[in-house]
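missing the sequence, but the structure's below:
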């Protein structure tokens, strides 16, 4: 593997964690939204990641060359339904629907994504410093 490939690996990891942070922020922003129907209610969204391997040798040795974002999925957890007949968004039966966002899980997700992003920055900085030191060896 080229020594510059580390920048691609860390960069793709940073992109993946940035998507995770954005989805977490979106989930938290919509955690208290209300709707009058199940179809219109916001559903928690999570990213799906996968390691990308360059070839069979990398796959055999578990050496990933990139983090791929396969997509974004909506949580299958049930929505919260509350009886609130005087709420302006209540349906004809007097129920409102709230998202299936768990704020505690989302905050834990945010911390994990933030730390993973910081770790990728450390990898970039360490690789840069090692390359600089290697170049200085010839002086």
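Structure's in. What do you need? This is a predicted model, so every value here is computed, not measured.

in the chain, which helix or strand is least confident?
Each helix and strand of the chain was given a mean pLDDT (mean pLDDT, DSSP states H and E); the minimum falls on helix 56-61 at a mean of 60.

center of the protein - which residue?
residue 20 (1.7 Å; C-alpha atoms, centre = their mean).

quick one: residue 72 from residue 135, how far?
The spacing between residue 72 and residue 135, counted by C-beta to C-beta, to the nearest Å, is 41 Å. For glycine as for every other residue, the C-beta is placed from the backbone atoms N, C-alpha and C.

what does residue 9 give?
From residue 9 to residue 135 the distance is 21 Å (C-beta to C-beta).

So between those two, which is more surrounded?
The neighbour comparison of residue 9 against residue 135 (other C-beta atoms under 10 Å) goes to residue 9, with 21 against 9.

Give me the pLDDT value at that one.
If you check residue 9, the pLDDT there is 87.

which helices and strands does the helix or strand containing residue 121 pack with?
Per DSSP states H and E: residue 121 is located in helix 103-136. Packing contacts for helix 103-136, counted by 3 or more C-beta pairs under 8 Å, 6 or more residues apart in numbering; DSSP states H and E, involve helix 5-29.

buried sites along the helix it packs on?
Buried residues in helix 5-29, counted by 16 or more other C-beta atoms under 10 Å: 6, 9-10, 12-17, 20-21, 23-24, 26-28.

What is the nearest of the residues you listed to residue 104?
Nearest to residue 104 among these: residue 28, at 10.8 Å, using C-beta to C-beta.

who's in contact with the closest residue to that closest one other than its chain neighbours?
Nearest non-adjacent residue to residue 28, counting by C-beta to C-beta, 6 or more residues apart in numbering: residue 106, 5.2 Å away. Applying C-beta atoms under 8 Å, 6 or more residues apart in numbering to residue 106 gives the contacts 24, 27, 28, 31, 44.
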